[in-house]
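> When you get a sec, could you give me coordinates for this:
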Amino acid sequence: MKKIDSNKSYQLIGVAVAVAIFMTGCASAPTIPAPTEQMALSRSAISSAGSAGGSEYAPVQLKSAMDKMDSAEHAIGEKDYGLARRLAEEAQVDAQLAATTARAGKAQKAADALKQSNQVLKKELDRNAVTPQ
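Here you go, the predicted structure:
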């Protein structure tokens, strides 16, 4: 019978233990939790964008946000929480862009109306200045 070198047997045991620990670590990889908070934030951002006039001033961005939110909801149903979080984050950014674009559009519209009003007043002042009294 062959005698087994004790150093080699300890090395084999060490390797076996290391492999077992590695395999246990791989098997218990952390799971990604459902992104419920992100989903709520995204829904709120979409609602705010709609209230800000997103459908009138930023319809493309608002639709993109809504489509991504629908996809995120679908991913939640499929338990693909990583994808759901990413889509919800993108939906939130698109909704924030829509809200900002809507606010800028409203501000531009107000500025244009003020400019037009100023032109009418200027014409009226010019007409009154030329007409003798």
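> quick one, longest helix in this structure?
Using DSSP state H to define each element, the chain has its longest helix at helix 81-130.
> same for it, what does it pack against?
In terms of contacts (3 or more CB pairs under 8 Å, 6 or more residues apart in numbering; DSSP states H and E), helix 81-130 is packed against helix 36-51, helix 54-57, helix 59-77. C-beta: built from backbone N, CA, C; applies to glycine.
> Quick one, which of the ones you listed gets closest to Glu89.
helix 36-51 (6.2 Å; CB to CB).
> Identify each buried residue in the closest one, please.
Judged by neighbour count using 16 or more other CB atoms under 10 Å, the buried positions of helix 36-51 are Gln38, Met39, Leu41, Ser42, Arg43, Ala45, Ile46, Ala49, Gly50.
> for that helix, what is the average pLDDT?
Helix 36-51 shows an average pLDDT of 97 in the prediction.
> Can you give the contact residues for that helix?
Residues outside helix 36-51 that contact it (CB atoms under 8 Å, 6 or more residues apart in numbering) are 58, 61-62, 65-66, 69, 72-73, 76, 84-85, 88-89, 91-92, 95-96, 98-99, 102.
> chain center to it, what's the gap?
With CA atoms, centre = their mean, to the nearest Å as the basis, helix 36-51 stands 9 Å off its chain's centre.
> got the angle for that helix vs helix 59-77?
With axes from the mean of the first three to the mean of the last three CA atoms, to 10 degrees defining the directions, helix 36-51 sits at 160 degrees from helix 59-77.
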